[in-house]
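# structure of the sequence below:
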Amino acid sequence: MSEETKGFPYLKDVAKGAGIGLGVLALIIGGFSIGGLGGATPTQTSSSQQTTAASATPSATPTDSRTCSVSTDAIDPRLGSFQAVVIDATTDTVLFDRGADTPAATASTMKLLTAGAALNVLGPNYRVDTRVYQDPSQPGTIILVGGGDPTLSRTAPGQQSVYRDAPKLSTLAVGVNAKMAGTPITKIVVDGSMFTGPSWDPSWERSEQTTGYMSEVTALQVDGDRQNPTANTSPRSTTPVLNAGKYFKKALGAAAANAQIIEGKVPGAAVEIAKVSSQPISVWIKHMLQVSDNTEAEALARLISLDQGYDGSFSSLNIAIKKGLANTQLDSNGLVIKDGSGLSALNAVPPSFLAKFSKLVMTGFADFGVIRDGLPVSGESGSLSARFKGDLKDAVGQVHAKTGWIKHGYTLAGYITARDKSNLLFAIYALGNVKDDAKDAIDKLATDFFHCGSQLSNN
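The predicted model follows:
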């Protein structure tokens with residue numbers, strides 16, 4: 001995408017020589033002095049703007065009057081293959097452009113788009129239900145059916161998981177035991193079939209699972225399939241659906257002591273006997289953005305797909321999320337969306353798209369105030385709480401942005417309230433052979449943007 005330069009004509013005074021001459025002559029004849037009057041000054045109604053066509057190289061023109069340069073920090077080798085854009089939110093002028101319109105891997109800044117599509121398609125108050133059914137033909141058989149809520153928790157009543165105030169298996173167990181009225185539970189069927197297709201994308205690093213950043217994508221799981229339900233980063237398994245059955249059996253207690261656990265699907269004649277509902281997805285979105293929760297992001301992406309009539313698979317997400325963003329009127333034709341979390345290096349979104357999207361977040365477009373409220377803030381909250389320290393402390397509290405990290409890339413996108421009180425929309429990509437210190441280089445550049453404000457030069 002490129003932005004057209006919109007020039008404005010200068011207004012010029014037209015000399016009316018004869019009229020002015022006669023007027024002056026009359027004043028002289030009349031004995032008035034004009035020695036203190038200066039010449040007429042043209043009124044300039046606008047100034048030339050730099051071209052905003054995106055390119056891989058600086059696009060400043062000789063008429064660019066902005067003088068605050070960040071050129072030294074923009075060539076920091078820690079940034080690797082560097083792309084970035086800064087846009088003045090008031091004038092929509094592109095102030096800084098390095099490959100702004102070139103699609104590239106987003107890392108977790110993809111979660112901004114997932115959040116936007118979820119709010120547009122599902123609405124901020126959407127809740128997800130987990131249900132339990134009884135099979136009338138086999139009274140001892142119950143079926144635990146996932147509705148796509150990864151926040152369902154096995155923590156005890158009164159205790160919190162990483163998903164604060166999430167629904168609990170213990171609540172379901174109380175309801176089931178009351179309905180079963182002493183009938184022994186002989187079989188627990190676990191049904192996570194609402195999401196179709198593979199539960200793991202082949203472009204994802206398996207270390208994301210074993211280290212503890214991502215679970216298999218299933219419609220039924222408990223605590224995001226974490227080994228430790230109270231830790232954001234905790235190893236995950238390859239059997240989240242069966243794990244949910246094991247935790248549910250434990251919650252049911254003596255009534256299910258001898259129950260067999262199998263995977264299956266709820267039969268058509270089954271009768272619902274218990275249900276719990278999730279927190280509104282507005283709560284999910286804020287948590288997802290603050291700590292970059294991949295599991296919540298992938299659940300939202302599949303719910304977006306299913307709600308629009310697609311099948312909830314990885315292959316449906318490209319069209320489903322784009323369709324979910326249609327009301328933004330941003331051109332998504334060149335985007336490649338492989339997942340909802342940004343874990344795939346095959347995602348491809350230009351920095352300019354994220355910057356323009358950030359304007360909608362900043363201004364609270366539709367329900368995007370939810371995203372704005374969930375963005376990490378430099379030096380203060382979420383995944384930015386430990387960043388922008390030391391020499392960068394001037395920008396503390398002024399950068400509202402989503403962080404991103406994958407094996408070969410670090411990103412940051414959002415908006416900055418600059419020192420001159422201008423609002424800057426921005427996205428920074430540091431891709432390729434980069435290390436953890438790329439974050440420091442990104443933060444230094446974002447702080448430079450804060451200092452320069454509307455006088456940021458593209459040189």
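# check contacts around the residue nearest the centre of the chain.
By Cα atoms, centre = their mean, the chain has its centre lying nearest to Leu112, at 1.6 Å. Neighbouring residues of Leu112 by Cβ atoms under 8 Å, 6 or more residues apart in numbering: Leu289, Leu354, Phe357, Ser358, Val361, Ile371, Lys402, Ala413. Every residue, glycine included, has its C-beta placed from N, CA and C.
# check which helix or strand covers it.
helix 110-121 (DSSP states H and E).
# how far does that helix sit from its chain's centre?
Averaging C-alpha positions (Cα atoms, centre = their mean, to the nearest Å) puts helix 110-121 7 Å from its chain's average.
# report the mean confidence score over it.
Regarding helix 110-121, the rounded mean pLDDT is 98.
# next, the buried residues of the helix or strand following that helix.
The C-terminal neighbour of helix 110-121 among helices and strands, as given by DSSP H and E, is strand 129-135. Judged by neighbour count (16 or more other Cβ atoms under 10 Å), strand 129-135 contains these buried residues: Thr130, Arg131, Val132, Tyr133, Gln134, Asp135.
# which of those sit farthest apart?
With Cβ to Cβ as the measure, no two of these lie farther apart than Thr130 and Asp135, at 17.5 Å.
# quick one: buried residues of stretch 195-205?
Residues Phe195, Thr196, Ser199, Asp201, Trp204, Glu205 are the ones in stretch 195-205 that count as buried (16+ other Cβ under 10 Å).
# and if you look at stretch 111-127?
111-122, 124, 126-127.
# swap in stretch 249-257?
Lys249, Ala251, Leu252, Ala255, Ala256.
# and for it, what's in contact with it?
154, 169-170, 172-173, 176-177, 180, 182-185, 188, 259, 261.
# how about 6 Å then?
Contacting residues not belonging to stretch 249-257 are listed as Leu169, Ser170, Ala173, Asn177, Ile185, Ile188, Ala259 [Cβ atoms under 6 Å, 6 or more residues apart in numbering].
# check stretch 429-449 too.
Counting by Cβ under 6 Å, 6+ apart, 70, 73, 76, 78-81, 83, 86, 104, 351, 387-388, 392, 395, 399, 409-412, 416, 424, 428 sit against stretch 429-449.
# separate out the buried members of the residues you listed.
Counted by 16+ other Cβ under 10 Å, these give 70, 73, 76, 78-80, 83, 86, 104, 351, 387-388, 392, 395, 399, 409-412, 416, 424, 428 as buried.
# out of these, list just those in strands.
Gln83, Val86, Val399, Gly409, Tyr410, Thr411, Leu412, Ile416, Leu424, Ile428 (DSSP state E).
# which of those residues sits closest to Leu300?
Distances from Leu300 to those, taken by Cβ to Cβ, are shortest for Thr411, at 19.3 Å.
# from what I can see that closest one touches Ala107, true?
Yes. Using Cβ atoms under 6 Å, Thr411 makes contact with Ala107 at a distance of 4.6 Å.
# one step back: and the ones in strands among the buried ones among the contacts of stretch 429-449, which two are the farthest apart?
Most distant of these, by Cβ to Cβ, are Gly409 and Leu424, 22.0 Å apart.
# in the protein, where is pLDDT below threshold?
1-64 (pLDDT under 70).
# tally of neighbours for the nearest residue to Ala89 once chain neighbours are set aside?
Once flanking residues are discounted, Ala89 sits nearest to Asn423: 3.9 Å by Cβ to Cβ, 6 or more residues apart in numbering. For Asn423, the neighbour count with other Cβ atoms under 10 Å is 18.
# quick check: Asn423 vs Asn232, distance?
31 Å (Cβ to Cβ, to the nearest Å).
# and the contacts of Leu112 as JSON lines, adding secondary structure and distance to Ile281?
Below are the contacts of Leu112 laid out as JSON lines (DSSP: H, G, I helix; E, B strand; the rest coil; distance: Cβ to Cβ, whole Å):
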{"residue": "Leu289", "secondary structure": "helix", "distance to Ile281": "12"}
{"residue": "Leu354", "secondary structure": "helix", "distance to Ile281": "21"}
{"residue": "Phe357", "secondary structure": "helix", "distance to Ile281": "19"}
{"residue": "Ser358", "secondary structure": "helix", "distance to Ile281": "21"}
{"residue": "Val361", "secondary structure": "helix", "distance to Ile281": "16"}
{"residue": "Ile371", "secondary structure": "helix", "distance to Ile281": "12"}
{"residue": "Lys402", "secondary structure": "strand", "distance to Ile281": "17"}
{"residue": "Ala413", "secondary structure": "strand", "distance to Ile281": "21"}
